[in-house]
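Student: what's the 3D shape of this:
(2 chains)
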Number of protein chains: 2
Amino acid sequence: MKPSLPKGTRDFLPDAATKRQYLFGVIASVFRKYGFAPIETPAMENMTTLTGKYGEEGDRLLFRVLNNGDFLSGADTDALSRQDSAALAPSIAKRGMRYDLTVPFARFVVMNQNDLPFPFKRYQIQPVWRADRPQKGRYQEFYQCDVDVVGSKSLLYETELVQIYDEVFTALGLPVVIRLNHRQILTGIAEVCRIPEHLTSMTTAIDKWDKIGESGVRAEMQKRGIPENGIDQIISILAEGSLDKLSETLHESIPAINGIKDIEQVLQYLGRTSLHNRFEFDIRLARGLDYYTGCIFEVAAVDADMGSLGGGGRYDDLTAVFGMPGTPGVGISFGAERIFDVMESQKLFPSSLKSAPQILFIALSEEALMFAFIAATEVRKQGISADIYPEPSKVQKQMRYANQLGVSFVAIVGDDELHTQTVMLKNMETGDQKNMTVAELVKSLEQRA
Amino acid sequence: MKPSLPKGTRDFLPDAATKRQYLFGVIASVFRKYGFAPIETPAMENMTTLTGKYGEEGDRLLFRVLNNGDFLSGADTDALSRQDSAALAPSIAKRGMRYDLTVPFARFVVMNQNDLPFPFKRYQIQPVWRADRPQKGRYQEFYQCDVDVVGSKSLLYETELVQIYDEVFTALGLPVVIRLNHRQILTGIAEVCRIPEHLTSMTTAIDKWDKIGESGVRAEMQKRGIPENGIDQIISILAEGSLDKLSETLHESIPAINGIKDIEQVLQYLGRTSLHNRFEFDIRLARGLDYYTGCIFEVAAVDADMGSLGGGGRYDDLTAVFGMPGTPGVGISFGAERIFDVMESQKLFPSSLKSAPQILFIALSEEALMFAFIAATEVRKQGISADIYPEPSKVQKQMRYANQLGVSFVAIVGDDELHTQTVMLKNMETGDQKNMTVAELVKSLEQRA
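Tutor: Got it, this is the predicted structure:
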């Protein structure tokens, strides 16, 4: 039998796994520095937790876990006789796989509310599953990487999240543009243009600006039934850009005034610190989800035409859907899979990042192998990763293994070395060789580390 | 709607998640030091990969993932009309959840054989899912933590795995006993006692020695049909214990002689280094699985009556089941969930291990909040984790939050501090307070880190 993987899923070999751990590690360490703590939720959730939270399309993409044992004994016989898969599913699959980290987080907050400090700052880096059609860069199993704070409306948190974006991408060596807007300003535009009932259509259209440009957005709004003079006015307001100008244009809208005040407060905080990346207010940033109610964020690579590398925003209530109203919050996520792809293609992972051990010991006789083992033990005692080729094979074969692994150094133990109780250290990059004692070897490797 | 979790699954709050990350981190860093590299496989595998690998009972405990869309259209109509859940399942659920890390690893090696160096040393720390009846300490979703090398029969690897057990448990501060035995010696006992056809029964019985004692093992062997004089002889050989004695008693059995030679080679390697934990050859160690063919290992806490904290052994062929014969290997696993429980109950996690930031800034006015923000930014710049209470609330409320978080320090900014551009640093353990500048604060926190 020739084994295969389910479509849309992947194995990670040592190099990729090491790079992913590095990426998640960098992100997590910045989260922790800003006082966010890790949580983890199970991969399986009850379907009652998941269903109805992601829209019709989302529900269709949920992976359901078949009940164990004689699942047909509890099946909806009506649905079964009608051969209705959708109607049958709930009766034979009560659990499903996590579709994102937001709904599980909401459930988590409700279930653990008595044990959490509020404001509660959490991060979560875990895989999610979606039955999406697999295509380049899109998988059925992939990691999400979310950071949120719930239980406060303070704009200090919006500020911290911008700082987090800035610090993470600086640490990764990936220059980005961080963009900021506010849902209430968009609401204000709809009000002032006298099309408040078209707010969602307007937002959805504006959200596509980067992809389809002004004429595309205009066409989209027409298609969605926004009157022509409304469209003209919207486009002209979007062209203005600056907060000052918007304050004038939108001065009749209370939501817009509040939104602008929020943005100004965040800018005031950020003005007292310094960012490494481009940061801008962008009135054309919309974010698709209706869910957001305040500041919204998006981050994109400066160099790569890769679209968004992350986004987020403020929401009014995370947990009302689970019967616990009054939990406002703000959060952002990192598009970890895409960030990984960009870093790979731009060769941004540190060259020191290796899945291979630092050094491979090569022995040319059984006796030399015992000496190599003792030497490797000494090296490892100093916290340096080391490996030993397990047999006294031909030197060519062992060197081939060293190259396959990608080790930085090889320590050869032949008859001469065994006699003098030394090793021949070979630098695999430069090809330099040098004879030395084990103590000298340890020192030399420590200096490099 | 009141949300709940599927039975046998768990949320991990910040403290537990932080401790788990620490535990996995310690284990992984020792793995890497010994030249093992991380890999990851997907949570979902094809059912054809999983089925038939874990025995009948295992197959029953597999979680199956319902096919997406109109799954009934591909259903086995025969099975459906017979209301036969077991027969129907394969036609409506082609994927399943990983049940362990061994079978996915075997699939991985076969599928990626051209891209791997052999011997291939890998570790894998990922969750697995089993539809076991949940009970104290047993979950339906839990982590496994495996380290294996495949493609070599060298006993150097057995040696390294003993060293790894020793180093991990030393690093965790959890004293253990590491026990070693060899399957071929057990085979030799069955041969010498002239009950070779009862080898599996004998092994299964011996495996329970720790739980049921000599009389229990004797009864078990009787029940399984081993003749009385055979049992007497087995029990008397097991009582001998020492390798020298066994060499004599079993000298007619070629498997036993080979097994003893293997053990002696491992002991010879280990004799050239030093272990921190108790290490012993134990002829009564059997390990349940038929899978093992050479050295077998088990590790248990010295103090706690917690049973095995890990085990493993050598196998002849990992990948034959997937059509790639000739991949011998050896591996061990860490019972991470149980190790976690032991460490919790014995309070072995470092007290410095906190999910909380080091310091919380508390501001008593809006202006003070801005100063606190600037100060926190300075502190974070030095890599120190810091948080700010997001509003100038009453000091009692803010201190309550500091206590809930469990921060080590609080920096208070009131009117006086704002005036002198300082903070009042409070050590939450000792209660000591001291007024200082932000630069002094940074220095003081850095010294502690």
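
Student: Before we go further, residue A:310 is sitting in a strand, right?
Tutor: Yes. Checked against DSSP: H, G, I helix; E, B strand; the rest coil, residue A:310 lies within a strand.

Student: what about it, neighbour count?
Tutor: 25 (other C-beta atoms under 10 Å in any protein chain shown). Every residue, glycine included, has its C-beta placed from N, CA and C.

Student: The one 4 residues further on now?
Tutor: By the criterion of other C-beta under 10 Å, residue A:314 has 25 neighbours.

Student: Enumerate the residues of the stretch 301-449 of chain A near chain B.
Tutor: A:321-323, A:355-357, A:360, A:369-370, A:373-374, A:377, A:380, A:383-388, A:390-391, A:401, A:404-405 (C-beta under 8 Å from any C-beta of the partner chain).

Student: With the stretch 151-300 of chain A instead?
Tutor: Residues of the stretch 151-300 of chain A found near chain B (C-beta under 8 Å from any C-beta) are A:152, A:154, A:156, A:157, A:159, A:163, A:268, A:269, A:272, A:273.

Student: and these as TSV, adding secondary structure, distance to residue A:436 and pLDDT?
Tutor: Putting these into TSV (DSSP: H, G, I helix; E, B strand; the rest coil; distance: C-beta to C-beta, whole Å; pLDDT from 0 to 100) gives the following:
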residue	secondary structure	distance to residue A:436	pLDDT
A:152	coil	59	97
A:154	coil	59	97
A:156	helix	56	98
A:157	helix	55	98
A:159	helix	54	98
A:163	helix	47	98
A:268	helix	60	96
A:269	helix	55	96
A:272	coil	54	93
A:273	coil	49	92
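
Student: From the residues you listed, keep the buried residues only.
Tutor: For these, a burial check counting by 16 or more other C-beta atoms under 10 Å in any protein chain shown picks out A:152, A:154, A:156, A:157, A:159, A:163, A:269, A:273.

Student: dump the residue contacts of the third one.
Tutor: Put plainly, it is residue A:156. A:269, B:369, B:373, B:388, B:390 (C-beta atoms under 8 Å, 6 or more residues apart in numbering or on different chains).

Student: got the contact list for the closest residue to the first one other than its chain neighbours?
Tutor: Excluding the flanking residues, the one nearest residue A:269 by C-beta to C-beta, 6 or more residues apart in numbering or on different chains is residue A:159, at 4.1 Å. If you count contacts by C-beta under 8 Å, 6+ apart, residue A:159 has them with A:266, A:269, A:270, B:373.

Student: of those residues, closest to residue B:84?
Tutor: residue A:266 (61.4 Å; C-beta to C-beta).

Student: The closest one belongs to a helix, doesn't it?
Tutor: Yes. According to three-state DSSP, residue A:266 belongs to a helix.

Student: What is the burial count for it?
Tutor: Neighbours of residue A:266 (other C-beta under 10 Å): 21.

Student: Likewise for residue A:184?
Tutor: Neighbours of residue A:184 using other C-beta under 10 Å come to 25.

Student: Residue A:400 too?
Tutor: Using other C-beta under 10 Å: residue A:400 sits among 13 other residues.

Student: With residue A:55 instead?
Tutor: Neighbours around residue A:55, by other C-beta under 10 Å: 10.

Student: can you give me phi and psi for it?
Tutor: Main-chain torsions, residue A:55, degrees, to the nearest 10: phi 80, psi 170.

Student: That one and residue A:145, how far apart?
Tutor: Per C-beta to C-beta, to the nearest Å, residue A:55 is found 22 Å from residue A:145.

Student: Next, see if whichever helix in chain A runs longest gets close to chain B.
Tutor: Longest helix of chain A, by residue count under DSSP state H: helix A:14-33. Yes. Judged by C-beta under 8 Å from any C-beta, helix A:14-33 comes into contact with chain B at A:14, A:17, A:18, A:20, A:21, A:32, A:33.

Student: I'd assumed residue A:25 was in contact with residue A:145.
Tutor: No. Counting by C-beta atoms under 8 Å, residue A:145 does not reach residue A:25; the two are 11.4 Å apart.

Student: The two: who's more crowded?
Tutor: More crowded of residue A:145 and residue A:25, by other C-beta under 10 Å: residue A:145, with 23 against 12.

Student: Which strand or helix spans that one?
Tutor: strand A:141-150 (DSSP states H and E).

Student: Would you mind listing where the stretch 201-350 of chain A has pLDDT under the threshold?
Tutor: A:289, A:304 (pLDDT under 70).

Student: Now residue A:42: closest residue in space, sequence neighbours ignored.
Tutor: residue B:9 (3.6 Å).

Student: For the closest residue to chain B within the stretch 151-300 of chain A, give its distance to residue B:385.
Tutor: Here the stretch 151-300 of chain A gets closest to chain B at one residue, residue A:154, 3.3 Å apart by C-beta to the nearest C-beta. Distance, residue A:154 to residue B:385, using C-beta to C-beta: 19 Å.

Student: Same question for residue A:400.
Tutor: 46 Å.

Student: One more: residue A:240?
Tutor: Taking C-beta to C-beta, one finds residue A:240 at 41 Å from residue B:385.

Student: returning to that earlier point: identify, from the contacts of residue A:159, the entry nearest to residue A:128.
Tutor: residue A:266 (29.3 Å).

Student: correct me, but the closest one touches residue A:157?
Tutor: No. At 9.7 Å, residue A:266 and residue A:157 do not qualify as touching, with contact defined as C-beta under 8 Å.

Student: Need the contact partners of stretch A:270-288.
Tutor: A:159, A:162-163, A:165-167, A:169-170, A:175-181, A:185-186, A:203-204, A:206-207, A:209, A:237-238, A:240-241, A:243, A:246, A:263, A:267, A:296, A:298, A:302, A:311, A:313, B:370, B:373-374, B:377.

Student: Dump that stretch to PDB, keeping only the CA atoms.
Tutor: Output of stretch A:270-288 as PDB, limited to C-alpha atoms (Å, rounded to 0.1, in the frame of the first residue of the first chain):
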ATOM      1  CA  LEU A 270       2.300  56.400  19.300                       C
ATOM      2  CA  GLY A 271       3.700  59.900  19.000                       C
ATOM      3  CA  ARG A 272       5.500  59.300  22.300                       C
ATOM      4  CA  THR A 273       7.300  56.300  21.000                       C
ATOM      5  CA  SER A 274       9.000  55.300  17.800                       C
ATOM      6  CA  LEU A 275       8.000  52.700  15.200                       C
ATOM      7  CA  HIS A 276      10.400  51.000  12.800                       C
ATOM      8  CA  ASN A 277       7.800  50.400  10.100                       C
ATOM      9  CA  ARG A 278       5.600  52.700   8.000                       C
ATOM     10  CA  PHE A 279       2.400  53.400   9.900                       C
ATOM     11  CA  GLU A 280      -0.500  55.300   8.400                       C
ATOM     12  CA  PHE A 281      -4.100  56.200   8.800                       C
ATOM     13  CA  ASP A 282      -5.900  55.000   5.700                       C
ATOM     14  CA  ILE A 283      -9.500  55.900   5.200                       C
ATOM     15  CA  ARG A 284      -9.700  53.300   2.500                       C
ATOM     16  CA  LEU A 285      -9.000  50.400   4.900                       C
ATOM     17  CA  ALA A 286     -12.300  48.600   5.600                       C
ATOM     18  CA  ARG A 287     -11.800  45.000   6.600                       C
ATOM     19  CA  GLY A 288     -14.600  42.600   5.500                       C
END
